[in-house]
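In: Need coordinates for the following:
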Amino acid sequence: MAISCALALGASAAMADTPTREVLHGTSVERRAMALLDRAVAHIEATGAAGTAAFNHGPAFIDRDLYAYALKTDGSFLASGGGSAALVGQNVLNEVDLNGKPFFREIIEQAKAFGAGRVEYRWFNPADARGEPKVAVFRAVGDVIVAAGYYPPRATAMQAKVLLRDAVTAMAANPAAALEHFQRLNGPFIRDDLYVFVVRLADGIFLAHGATPSLVGTNSYELTGPDGHHIVRRMAEIARKAQDGETEYAWRNPVSGKVETKHTYFKTVGDTLVAVGYYRR
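Out: Below is the predicted model:
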């Protein structure tokens with residue numbers, strides 16, 4: 001049984017929208033990007049601006065589809081290990097993404113103001129030959145900004161269904177162990193933007209939440225949209241009658257950091273509701 005509701009997060013869900021590392025588990029590609037950024041920053045701290053030349057297709061600063069690049073706070077593009085190498089020697093202050101956003105200017109402004117940051121923009125992805133959201137993470141070292149970018153992964157409906165099947169099997173076999181595994185950062189139940197959440201049907205208490213562990217112990221039935229509909233309570237009402245179902249609502253994507261439309265599949269296991277959703281493109 002499926003229902004569709006364009007729910008936005010209410011005040012009680014605001015804590016789930018806070019993009020902090022304490023709340024949100026980073027995805028595997030984000031962790032790779034941050035590790036690459038750490039290496040690149042350490043290199044520039046040791047060698048200065050001249051060291052950016054090593055980013056130009058240097059193997060030490062390329063991790064499969066990820067690469068480091070550098071620009072100065074005046075907009076001069078210094079080096080890149082990827083497709084943006086074509087920009088080396090140019091001033092990119094007025095360079096825009098596929099939506100016309102001057103994202104390099106935004107990177108520079110954040111770096112000047114905070115010394116580090118994260119900017120999302122839309123860029124051509126050579127992996128599938130189309131424009132997709134891309135995230136740049138960066139830090140300033142003097143007047144040099146060191147950066148790495150990645151394309152946030154997007155799960156499919158089939159992947160969500162498979163993860164739900166695996167989660168239901170785990171809950172049926174050993175609930176205590178399963179609840180622990182659902183929140184293990186490097187475990188099998190957190191796969192980029194896919195994760196499991198579990199609530200107790202009797203009172204709606206979150207027993208596990210793979211993306212936002214701080215929700216555990218809070219009442220999921222209190223999450224409401226602007227139309228007054230309760231997000232998880234509605235799932236529970238369906239599940240009590242049909243044992244499983246699916247629904248749509250708005251929720252924060254831990255990969256993109258934005259509130260997006262999420263399609264969630266759920267199933268009852270004993271006195272719990274187990275759910276996995278994917279974010280629609």
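In: low-confidence ranges in this protein?
Out: Per-residue confidence for the chain (pLDDT under 70) gives these ranges: 1-27, 125-131, 225-227, 254-257, 281.
In: Strands along that one, start to end?
Out: Applying DSSP state E to the chain gives strands spanning 62-63, 66-72, 77-80, 116-125, 130-141, 144-150, 196-200, 206-209, 244-252, 259-269, 272-279.
In: okay if I get those as JSON lines plus mean neighbour count?
Out: For the C-beta atoms, the positions are set from N, CA and C on the backbone; glycine is no exception. Output for the strands of the chain, formatted as JSON lines (neighbours: other C-beta atoms under 10 Å):
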{"stretch": "strand 62-63", "mean neighbour count": "16"}
{"stretch": "strand 66-72", "mean neighbour count": "26"}
{"stretch": "strand 77-80", "mean neighbour count": "24"}
{"stretch": "strand 116-125", "mean neighbour count": "17"}
{"stretch": "strand 130-141", "mean neighbour count": "19"}
{"stretch": "strand 144-150", "mean neighbour count": "26"}
{"stretch": "strand 196-200", "mean neighbour count": "24"}
{"stretch": "strand 206-209", "mean neighbour count": "22"}
{"stretch": "strand 244-252", "mean neighbour count": "21"}
{"stretch": "strand 259-269", "mean neighbour count": "19"}
{"stretch": "strand 272-279", "mean neighbour count": "24"}
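In: how about a markdown table for those strands, with distance to I190 added?
Out: Conversion of the strands of the chain to a markdown table gives the following (distance: least, C-beta to C-beta, whole Å):
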| stretch | distance to I190 |
| --- | --- |
| strand 62-63 | 20 |
| strand 66-72 | 20 |
| strand 77-80 | 31 |
| strand 116-125 | 20 |
| strand 130-141 | 18 |
| strand 144-150 | 17 |
| strand 196-200 | 8 |
| strand 206-209 | 11 |
| strand 244-252 | 15 |
| strand 259-269 | 16 |
| strand 272-279 | 11 |
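In: Which among these is found nearest to T224?
Out: Ranking those by their distance to T224 (criterion: C-beta to C-beta) puts strand 244-252 first, at 10.4 Å.
In: What is that closest one packed up against?
Out: Strand 244-252 is packed against helix 231-242, strand 259-269, with contacts defined by 3 or more C-beta pairs under 8 Å, 6 or more residues apart in numbering; DSSP states H and E.
In: Report the angle between the shortest one and strand 244-252.
Out: It stands for strand 259-269. For strand 259-269 against strand 244-252, the angle by axes from the mean of the first three to the mean of the last three C-alpha atoms, to 10 degrees is 150 degrees.
In: Would you mind pulling the contact partners of strand 259-269?
Out: Residues from elsewhere that reach strand 259-269 (C-beta atoms under 8 Å, 6 or more residues apart in numbering): 6, 8-9, 17, 157, 160-161, 164, 168, 171-172, 175, 201, 235, 238-240, 243-253, 273-280.
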